[in-house]
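*Asks:* just the structure for this:
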Amino acid sequence: MMVTLAALLSGCATLPASGPTAREIEHGAARNSPISFRIVDITRSVAGEIEARAKLADEAQPTLASLAREGRNDVVGLGDVISINIYEVGVTLFGTGGGRDLGQAYDPSARGEAFPAIVVDRGGDITLPYIGKLHVAGRTTAEIQDMVVQGLRGKSQSPQALVAVRLNLSNTVFVGGDVRKPGRFDLSLQRERLLDAVALSGGAAYSAEDTIVRFNRGNQTLEERLGRIRAGAPDDLVLMPGDRVELIKRPRSFIILGATSKVAQVPFETGDVSLAEAVARAGGPQDAQADPSAVFLFRYDPRSAGDGSELPVIYRLNMMEPASYFLSQRFAVRDKDVIYIANAAANRPAKLVNIINQLFSPFVTARVLTRNN
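*Replies:* Next comes the predicted model:
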């Protein structure tokens, strides 16, 4: 029996477990492993430093507000289709009195001629009878009206013109990606903003916190999470002709492992998630298995050198200390963090005792039954 017990004790370390104990993680940090990492206890100063560092990094990130600029969306552009109505009184060029010369009798009735579909060519020009070529790109409809009237001076008596845009192609924005109604949307004099365009497209197909806005203006492209953009804020850009908006599903999540009631990849679903919230979402440490003094968070932190490289760090939280619950509320979880709740050191001996009981209980039961008989 002693030999059997010794063999069982020697195999204690090979018993199944959901992960290493706190001591094994500490030994891993001390050894020369392929990935060199360090363990940092979450204290008040550490939590404050990480919070300040995250704030500075967030402020350093370019936002959509950096793309803001002045522009117009009330001018005619290439490919637009415009309609022109010309009205004349007296000696006319168009209508039933067309072709009369200025020496003929004055006719007080007004006549009109409609040009319902004129396409602005690639050079930004249109061509009208008796007027010729007019460069209209970059002009408002009122300015084009004045150009038409000026072109008819000396050819027609008291000419007037009305110009309207029938098909607006240049003063538009494109919204695509993970929206319910992607497409091209006209801009009006109301000066629509980014969130207006998202609303016109039926809204995001997924939650705002799981959606990235990729905004293209000219040769610049920036991304920002939709949930961070507030109506009327600087990031809610006033749209300009040619802007392109693409919504992309990019959910954030963290992974929780170890002695917990639910091992899972957990989505953020909200703007920010603290370490306390993350542990609670997984059901917290399992009473019969976990070591609550050893809650570890694995992440890659940027090096202080600012060269873009990262350093693997393990942050440790001792949930046996009441102050740790306050600190865990200030410690923000990041996308792709791994939270591990260590196994209690007594787990494997307890499993061994359970195995011994299972091995010897049949013999004990048989002996009792034999004695009773």
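
*Asks:* residues contacting the residue nearest the centre of the chain?
*Replies:* Note on the chain: the residue nearest the mean C-alpha position is residue 212, at 1.7 Å, using Cα atoms, centre = their mean. By Cβ atoms under 8 Å, 6 or more residues apart in numbering, residue 212 lies in contact with 223, 224, 225, 226, 247, 248, 249, 250. Where you see a C-beta, it was placed from the backbone N, CA and C, and this is true even at glycine.

*Asks:* quick one, domains of the chain?
*Replies:* Domains of the chain are assigned by automatic domain parsing as 14-51+252-348, 64-71+189-249, 81-167.

*Asks:* from residue 329, how far off is the residue nearest to the centre of the chain?
*Replies:* 27 Å (Cβ to Cβ, to the nearest Å).

*Asks:* what do you get for residue 77?
*Replies:* Using Cβ to Cβ, residue 77 is found at 53 Å from residue 329.

*Asks:* and those two? which has more neighbours close in?
*Replies:* Neighbours were counted for residue 77 and for residue 329 using other Cβ atoms under 10 Å; residue 77 has more, 20 against 13.

*Asks:* which ones are touching the nearest residue to the more buried one once chain neighbours are set aside?
*Replies:* Spatial nearest neighbour of residue 77, chain neighbours left out: residue 170 (2.5 Å); criterion: Cβ to Cβ, 6 or more residues apart in numbering. Listed by Cβ under 8 Å, 6+ apart, the contact set of residue 170 reads 75, 76, 77, 78, 79, 80, 241, 242.

*Asks:* same deal with residue 264?
*Replies:* By Cβ under 8 Å, 6+ apart, the contact set of residue 264 is 255, 256, 282.

*Asks:* the same query, at a cut-off of 10 Å, please.
*Replies:* Counting by Cβ atoms under 10 Å, 6 or more residues apart in numbering, residue 264 touches 253, 254, 255, 256, 257, 281, 282, 283.

*Asks:* tell me the pLDDT at it?
*Replies:* pLDDT, residue 264: 87.

*Asks:* test my guess that residue 172 contacts residue 186.
*Replies:* Yes: with contact defined as Cβ atoms under 10 Å, residue 172 counts as touching residue 186 (5.5 Å).

*Asks:* if you count what's nearby, which of the two comes out ahead?
*Replies:* residue 172 (18 against 15).

*Asks:* now that one, nearest residue through space, not along the chain?
*Replies:* Nearest residue to residue 172 in three dimensions, chain neighbours excluded: residue 184, at 4.9 Å (Cβ to Cβ, 6+ apart).

*Asks:* same question, residue 148
*Replies:* Residue 148's closest residue in space is residue 161 (Cβ to Cβ, 6+ apart), at 4.0 Å.

*Asks:* so what does the one you found look like in phi/psi?
*Replies:* phi -140, psi 150 (degrees, to the nearest 10).

*Asks:* same question, residue 142
*Replies:* Residue 142 adopts backbone torsions of phi -70, psi -40, taken as degrees, to the nearest 10.

*Asks:* run the chain-centre distance for the longest strand along the chain.
*Replies:* Secondary structure of the chain per DSSP state E: the longest strand is strand 290-302. How far strand 290-302 lies from its chain's middle: 27 Å, per Cα atoms, centre = their mean, to the nearest Å.

*Asks:* what about this protein, any weak spots by pLDDT?
*Replies:* Applying pLDDT under 70 to the chain flags residues 1-19, 28-35, 90-110, 304-308, 345-373.

*Asks:* which stretches of it form helices?
*Replies:* Using DSSP state H, the helices assigned to the chain run over residues 2-10, 22-30, 44-60, 141-152, 194-200, 275-281, 323-330, 347-372.
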